[in-house]
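**Student:** 3D, please:
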Amino acid sequence: MAVPNYQDLMLPILRLLADGHDWPTSKLRRVLAEELDLSQDDLRERIPSGTATRFAKNVDWSRHYLKRAGVLEAPGRAVARITPRGRELLDEGLGRIDVAALQRYPEFTDFRPKERALGATPASRERSGEVRPAPDDLNPEDAVREYYHRYRGRVTDELLERVLEQSDDFFEVLVVRLMEKLGYAGEDGQAIHLGKSGDGGVDGVVTPDRLGLESVYLQAKRWHLKPVGRPDVQAFSGSLDMYGAAKGVFITTSSFTKDAKEYAEKIQKTIILIDGERLVDLMYDIGLGVSTQDTFKLKQLDSDFFNSE
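**Tutor:** This next block holds a predicted model:
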């Protein structure tokens, strides 16, 4: 049989997870393949880029959407477990679970239109009443862009999850590398990780020039649910005073409260706040923690070429 698409795999995956055990992805793929009676040729079929098998990719996409709907959770890396919501969904006895069935969950509908690069957030779309069309309703050119932003959203979500799994020290070094790859160290400057006892509340420093005449100090907070408030940003501002600095970048995997943002905007120092969403967007753009799987170029006719004499 042909390799099932990711939506066709949703119900079989949930049924396997119904035993309540933690399922490593490798075991999930193996048992699914056996239950679906997939041949070795089916399992060897690769996606166009050749970097992975189609079946493995479809299982990953299915798990990703089910997780975003809250019907399964990931208690560890590459591990899946059904949630109470997932059991309730199974108990309905649906003949198929797909994207349409998952639309009932607010977490899923908030996640799906997360094409941040299009310049609008889910909240802003909700306020404006904008409804994103399905790719099948778009012309091929727009559909390619739509799928690209969906794919990007999945990768950045996974990227943030992996960052949160790491240690505080890893995150501090990551922040320093981010600033370096963004070019703020300059050709003759340097980016240094300072995070240690007695660092004065500063985790790194970037010197754009060789003499360090305009150093930018860094603060890194690897927080999950708790937002960064004004007191934390205020403390960072005090640390800048200790170093005689006027510029700083505060990066967190979480978010910033309204008071924290307003404080950073009002003070004379320049303190840039980067939350988790913007962090992984920057990492994606500069290739930090991600690698290029494939490249597509959209080309159009050059009218000038054909109109030239």
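
**Student:** alpha carbons only for contacts and neighbour counts from here, please
**Tutor:** Will do.

**Student:** Kindly provide the distance from residue 180 to residue 193.
**Tutor:** According to C-alpha to C-alpha, to the nearest Å, residue 180 and residue 193 sit 11 Å apart.

**Student:** what's the answer for residue 266, then?
**Tutor:** For residue 266, the distance to residue 193 equals 28 Å [C-alpha to C-alpha].

**Student:** more neighbours, these two?
**Tutor:** Taking other C-alpha atoms under 10 Å, residue 266 and residue 193 do not tie; residue 193 has more neighbours (18 against 10).

**Student:** does residue 206 sit in a helix, a strand or a coil?
**Tutor:** Three-state assignment for residue 206 (DSSP: H, G, I helix; E, B strand; the rest coil): strand.

**Student:** Compute the number of surrounding residues for residue 24.
**Tutor:** The burial count assigned to residue 24 is 15, neighbours taken as other C-alpha under 10 Å.

**Student:** Quickly list what residue 73 is bridged to.
**Tutor:** When bridges are called by DSSP bridges, residue 73 pairs up with residue 81.

**Student:** Pretty sure residue 85 is one of the things it touches, is it not?
**Tutor:** No: using C-alpha atoms under 8 Å, residue 73 is not in contact with residue 85; the gap is 10.3 Å.

**Student:** Of the two, which one has the most company?
**Tutor:** Using other C-alpha under 10 Å, the more surrounded residue of residue 73 and residue 85 is residue 73, with 19 against 14.

**Student:** In the stretch 51-200 of the chain, where is pLDDT below threshold?
**Tutor:** 110-137, 196-200 (pLDDT under 70).

**Student:** ok, now the stretch 201-309 of the chain?
**Tutor:** Applying pLDDT under 70 to the stretch 201-309 of the chain flags the ranges 212, 308-309.

**Student:** Break down it into its helices, ranges please.
**Tutor:** Applying DSSP state H, counting those that start in this stretch to the stretch 201-309 of the chain gives helices spanning 230-243, 258-266, 276-286, 303-307.

**Student:** where does the second one sit relative to the chain's centre, distance-wise?
**Tutor:** When C-alpha coordinates are averaged (C-alpha atoms, centre = their mean, to the nearest Å), helix 258-266 and its chain have centres 25 Å apart.

**Student:** which other helices and strands contact it?
**Tutor:** Other helices and strands packing on helix 258-266, by 3 or more C-alpha pairs under 8 Å, 6 or more residues apart in numbering; DSSP states H and E, are helix 230-243, strand 270-274.

**Student:** Okay, angle between that helix and helix 230-243 too, please.
**Tutor:** In terms of direction (axes from the mean of the first three to the mean of the last three C-alpha atoms, to 10 degrees), helix 258-266 departs from helix 230-243 by 30 degrees.

**Student:** Flag every buried residue along helix 258-266.
**Tutor:** 260, 261, 264 (16 or more other C-alpha atoms under 10 Å).

**Student:** still on that earlier bit, would you format the helices of the stretch 201-309 of the chain as JSON lines with distance to residue 251 included?
**Tutor:** Shown next, in JSON lines, are those (distance: least, C-alpha to C-alpha, whole Å):
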{"stretch": "helix 230-243", "distance to residue 251": "10"}
{"stretch": "helix 258-266", "distance to residue 251": "13"}
{"stretch": "helix 276-286", "distance to residue 251": "7"}
{"stretch": "helix 303-307", "distance to residue 251": "46"}
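
**Student:** Please tell me how far residue 218 sits from residue 211.
**Tutor:** Taking C-alpha to C-alpha, one finds residue 218 at 18 Å from residue 211.

**Student:** scratch that, residue 87 is what I was asking about
**Tutor:** Plainly put, residue 87 is 61 Å away from residue 211 if you go by C-alpha to C-alpha.

**Student:** Repeat that for residue 170.
**Tutor:** According to C-alpha to C-alpha, residue 170 and residue 211 sit 27 Å apart.

**Student:** So which residues of this structure form strands?
**Tutor:** Counting by DSSP state E, the chain has strands at residues 23-24, 72-73, 79-82, 190-193, 204-207, 216-221, 247-252, 270-274.

**Student:** Compare those and give me the one nearest residue 141.
**Tutor:** Checking the strands of the chain against residue 141 by C-alpha to C-alpha gives strand 270-274 as the closest, at 32.1 Å.
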